[in-house]
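1. Here's a sequence, model it:
(chains A and B)
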Amino acid sequence: DTGVSQDPRHKITKRGQNVTFRCDPISEHNRLYWYRQTLGQGPEFLTYFQNEAQLEKSRLLSDRFSAERPKGSFSTLEIQRTEQGDSAMYLCASTAGGNYNEQFFGPGTRLTVL
Amino acid sequence: GNSVTQMEGPVTLSEEAFLTINCTYTATGYPSLFWYVQYPGEGLQLLLKATKADDKGSNKGFEATYRKETTSFHLEKGSVQVSDSAVYFCALSDLLIGPLYSGGGADGLTFGKGTHLIIQP
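-> Got it, this is the predicted structure:
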């Protein structure tokens, strides 16, 4: 199966620690997206990459968040000095682009900040 | 900015009942519209899509028609099954033309809050 994969699937950390998540998109998909989903809500857009370039960031993405896609393939999302409010499911999606922007989602990384 | 509003859940139906989940949207450009489904313990999956006005998306017995005049994309199914129990999300993607949009969410999907559907045997 060559779907979107994310690692780890679950992460528990203490407040103030740094965490890093990884996303491997479908191969040859040039666009990669990060979303955050809290309980009872739909996913909220965080940021996206066209190849290795980060082209857009949501206002939701505070300075403690940073994302990279160094070679235009996998991507990492780092959260520094985690807060309890960062607890959520972090979703990654990829698409080959095109006008209707059909995105394929990974299983997500569930972050719990104690 | 863009937004999607869908009916609150949970929606509880008996097997073989007719299903409608309402979805309306506001958008600044020319949106494509989607329904995603999240089965228990699984990730989001695209259920169906429509890319322009009057298009009808369909998959697995579900249908939704892009109604520009009412800015709606209601999901319907004629006869639901227990296996349809899941959370359904309506979403839009706005095709932006021109300079880089800085409003947040450019080229990302804007989702509704989701509707939890429970089908009882």
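
2. Which parts of chain A are strands?
-> Along chain A, counting by DSSP state E, strands occupy A:5-7, A:10-13, A:19-24, A:31-37, A:44-50, A:53-57, A:65-68, A:75-79, A:88-95, A:104-105, A:109-113.

3. mind showing which ranges of the chain have poor pLDDT?
-> You didn't pick a chain, so chain A it is. Along chain A, the parts satisfying pLDDT under 70 run over A:1, A:97-101.

4. Switch to chain B, please.
-> B:95-107.

5. Pick out the residue closest to the middle of it.
-> By C-alpha atoms, centre = their mean, chain B has its centre lying nearest to B:Cys90, at 2.4 Å.

6. Now it: phi and psi?
-> Taking degrees, to the nearest 10, you get phi -90, psi 140 for the backbone angles of B:Cys90.

7. What's the local residue count around B:Glu8?
-> Look at B:Glu8: counted by other C-beta atoms under 10 Å in any protein chain shown, it has 11 neighbours. For glycine as for every other residue, the C-beta is placed from the backbone atoms N, C-alpha and C.

8. So it versus chain A, what's the distance?
-> 10 Å (C-beta to the nearest C-beta, to the nearest Å).

9. same deal with B:Ala17?
-> 24 Å.

10. Is it correct that that residue is in contact with B:Gly78?
-> No. Between B:Ala17 and B:Gly78 there is no contact under C-beta atoms under 8 Å: 9.3 Å.

11. Quick one: residues contacting B:Phe73.
-> B:23-25, B:33, B:35, B:50, B:64-67, B:90 (C-beta atoms under 8 Å, 6 or more residues apart in numbering or on different chains).

12. Skipping its backbone neighbours, what lies nearest it in space?
-> Leaving aside its chain neighbours, B:Phe73 sits nearest to B:Leu33 (4.4 Å; criterion: C-beta to C-beta, 6 or more residues apart in numbering or on different chains).

13. Okay, and that neighbour sits in which element?
-> Using DSSP states H and E, B:Leu33 sits within strand B:30-38.

14. got a list of contacts for that strand?
-> A:99-102, A:105, B:2, B:23, B:25, B:44-52, B:57, B:62, B:64, B:66, B:73, B:75, B:86-95, B:109, B:111, B:114.

15. near chain A, anything from the helix or strand just after that strand?
-> Sequence-wise, the next helix or strand downstream of strand B:30-38 (DSSP H and E) is strand B:44-50. Yes. Counting by C-beta under 8 Å from any C-beta of the partner chain, chain A is contacted by strand B:44-50 at B:44-46, B:49.
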